[in-house]
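In: have a look; sequence and predicted model below, questions after that.
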Amino acid sequence: MANIKVIIPAINEGDSIGKVVSELPKHVSEIIVVDNGSIDNTIVNAQKAGATVITETRKGYGSACLKGIDYISKQSKAPDIIVFIDGDYSDYPEELDIVVAPILENNIDFVVGARKKALREPGSMTPQQVFGNGLATFLMRLLFKSRFTDLGPFRAIKYEKLKELGMQDTTYGWTVEMQLKILRKKMTYIEVPVRYKQRIGVSKVSGTVKGTIFAGIKILGWIFKYSIK
């Protein structure tokens, strides 16, 4: 059986993190919650649900993901696959098997769980999220001949391929950076449809005007940076 590890960046997800951890498939070898400065019961609830909890004091979604990768890199046995999922319970954790299937069955390098409209709960993505996601993936198709339709956070990648990417972004440009580097390095990729529901709590990105604008600037910045290389 493949050695699969899950990284969950989290900040103040105390009401949801236990659900995410407990509903991931039991064959996952380790679930790593990277706490990014929570002031609620995120850490306690994640530990109660069975996760390994580590902390990252540098703020940022990408910072938390990088901390999780660094933690795994120091272990004696390398995993086969790394899965990323958010801690807000907007994804369906049990669908991890759907997301990793193309890697296990068809040797694909990278898989994105695509939040198709037909499978999204009404209101689960804000209008600004839908617009920003659509604009980013349109530009990726236009500039890089990409087949991506989503920047969804629920994603899986072979561990060795993840190391090759040399991820850097410490904020919300993380997802698009990964996908652009997949394209640049000509790795194999596919999207699989996943369900998506309204998150528990308020989004740190789309829940505020500042967060939405900042995330948009970061995403477009990565796209245009790669378009002129």
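Out: Alright, I've got the coordinates.
In: mind checking the SS state of residue 75?
Out: Three-state call for residue 75 (DSSP: H, G, I helix; E, B strand; the rest coil): coil.
In: per-residue confidence at it?
Out: With respect to pLDDT, residue 75 scores 97.
In: what comes up buried for stretch 28-35?
Out: Under the neighbour-count criterion of 16 or more other CB atoms under 10 Å, stretch 28-35 has 28, 30, 31, 32, 33, 34, 35 buried. C-beta: built from backbone N, CA, C; applies to glycine.
In: pLDDT below threshold where in this protein?
Out: 202-215, 227-229 (pLDDT under 70).
In: before we move on, back to that, what is the nearest of the buried residues of stretch 28-35 to residue 103?
Out: Residue 103 has its nearest neighbour among the buried residues of stretch 28-35 in residue 28, at 13.8 Å by CB to CB.
In: wouldn't the closest one be in contact with residue 96 here?
Out: Yes - counting by CB atoms under 8 Å, residue 28 touches residue 96, with 7.0 Å between them.
In: need the overlap of contacts for those two.
Out: By CB atoms under 8 Å, 6 or more residues apart in numbering, residue 28 and residue 96 have these common neighbours: 4, 6, 83.
In: reformat the buried residues of stretch 28-35 as a markdown table; add distance to residue 138 and secondary structure.
Out: Putting the buried residues of stretch 28-35 into a markdown table (distance: CB to CB, whole Å; DSSP: H, G, I helix; E, B strand; the rest coil) gives the following:
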| residue | distance to residue 138 | secondary structure |
| --- | --- | --- |
| 28 | 34 | coil |
| 30 | 37 | strand |
| 31 | 34 | strand |
| 32 | 33 | strand |
| 33 | 33 | strand |
| 34 | 31 | strand |
| 35 | 35 | strand |
